[in-house]
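> Pasted the sequence and its predicted model underneath.
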Amino acid sequence: MTRWTAPIRAVAAAAILAALASIAMMAGARSSSSSAFSSDKGKFHILVNGQEVGKEDFDLGPNGGGWVAHGASEIQTPQGVQHVTGTLELHADGTPARYEWTLQGAKKATAVVTFQGSMATIDLHVQGTQPYTQTFTFQSPRVAILDNNLYDQYGILARLYDWQAKGTQTFSVLIPQELTPGSVTVESLGKQDVNGKKLDELQVKTEDLEVDLFLDGNRLVRIVSPSTNAEILRE
């Protein structure tokens with residue numbers, strides 16, 4: 001697997017170094033991704049070492065025969081406030097069709113990712129540099145987008161997980177802001193008691209990072225990365 005920097009780690013890095021370029025699940029079991037999607041809207045507060053370093057407003061809704069997810073984050077860095085937006089268009093089965101992100105901070109960067117089957121082409125524009133294009137090929141069209149500082153995309157990953165099959169499942173992923181492909185494993189840890197409420201927990205792992213997702217019915221409400229002391233809380 002290609003080594004990649006996880007989005008939560010990117011939050012901690014952004015808070016310290018300000019590096020550039022850095023689902024809903026149904027109450028019962030299900031097997032198809034299309035049945036897992038439903039509209040959602042909310043806000044996440046992003047904390048590192050217990051201190052709030054940013055926030056994200058997000059929404060997910062129908063888009064023709066598919067779905068579209070919007071996320072907009074504001075992150076505090078030593079160089080100032082960094083704004084990140086992402087719009088992810090999905091087919092009905094949850095596979096990505098198009099993704100567009102913008103970053104505004106010390107420099108401005110924008111990119112569009114288009115998907116054709118198992119291929120993804122990124123057209124990147126960074127202020128002060130020449131446009132750049134790169135193509136990635138995955139094993140299947142079933143690719144999860146997990147971009148830096150856009151945590152609603154973990155909710156999409158949770159929707160792609162097959163809750164009927166359970167067990168450990170592997171997903172190809174793409175981090176567009178880092179031009180980095182990779183893979184994650186996702187496993188259900190069942191119901192957990194969190195502050196007196198029963199939440200479903202998903203454990204997301206790479207070779208060098210572990211992230212825990214907590215869901216309340218069809219809502220992603222908490223993300224925890226113990227190794228980076230980062231926590232994402234839904235308002």
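Everything's here; your move.
> measure residue 101 to residue 201 for me?
Per Cβ to Cβ, to the nearest Å, residue 101 is found 28 Å from residue 201. The C-beta positions use only the backbone N, C-alpha and C, and glycine is treated the same way.
> Those two - which one has more neighbours?
Between residue 101 and residue 201, residue 101 has the larger neighbour count (other Cβ atoms under 10 Å), namely 24 against 17.
> That one: what's it in contact with?
84-87, 110-111, 147, 150, 176-177 (Cβ atoms under 8 Å, 6 or more residues apart in numbering).
> Just the buried ones from those, in PyMOL syntax?
Burial among these is assessed by 16 or more other Cβ atoms under 10 Å; the matching PyMOL selection reads:
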select buried, resi 84+85+86+87+111+147+150+176+177
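> Now flag whichever of the contacts of residue 101 is closest to residue 215.
Distance to residue 215 across the contacts of residue 101 (Cβ to Cβ) is lowest for residue 150, with 17.6 Å.
> Need the three-state assignment for the nearest residue to residue 63 once chain neighbours are set aside.
Setting aside the residues directly before and after it, residue 63 is nearest to residue 89 in space (Cβ to Cβ, 6 or more residues apart in numbering), at 6.2 Å. Recorded secondary structure, residue 89: strand (DSSP: H, G, I helix; E, B strand; the rest coil).
> State the distance from residue 89 to residue 172.
From residue 89 over to residue 172 the distance is 18 Å, taken as Cβ to Cβ.
> Now flag whichever of the contacts of residue 101 is closest to residue 132.
For the contacts of residue 101, the nearest to residue 132 is residue 111 (8.8 Å; Cβ to Cβ).
> where does this structure have low pLDDT?
Applying pLDDT under 70 to the chain flags the ranges 1-35.
> any idea where the helices of it begin and end?
Ranges of helices in the chain, per DSSP state H, are 7-16, 152-160.
> Near residue 42, how many residues? Count them for me, please.
By other Cβ under 10 Å, the residues close to residue 42 number 16.
> If you could redo that for residue 221, that was the one I meant.
Look at residue 221: counted by other Cβ under 10 Å, it has 19 neighbours.
> what bridges to the residue nearest to it when sequence neighbours are not counted?
Residue nearest to residue 221 in three dimensions, not counting chain neighbours: residue 234, with 4.4 Å by Cβ to Cβ, 6+ apart. Counting by DSSP bridges, residue 234 is bridged to residue 44.
> re earlier: tell me how many other residues crowd the residue nearest to residue 63.
There are 17 residues near residue 89, going by other Cβ under 10 Å.
> next one: residue 83
Residue 83: 15 neighbours (other Cβ under 10 Å).
> Now it: closest residue in space that isn't a chain neighbour?
Take residue 83 and drop its neighbours on the chain: the residue closest to it by Cβ to Cβ, 6+ apart is residue 104, 4.5 Å away.
> and the one you found, what does it touch?
Residues in contact with residue 104, defined by Cβ under 8 Å, 6+ apart, are 82-84.
> How much space separates it from residue 51?
23 Å.
> likewise residue 123?
36 Å.
> can you check residue 187 too?
30 Å.
> ditto for residue 70
Computed as Cβ to Cβ, the residue 70 to residue 51 distance reads 26 Å.
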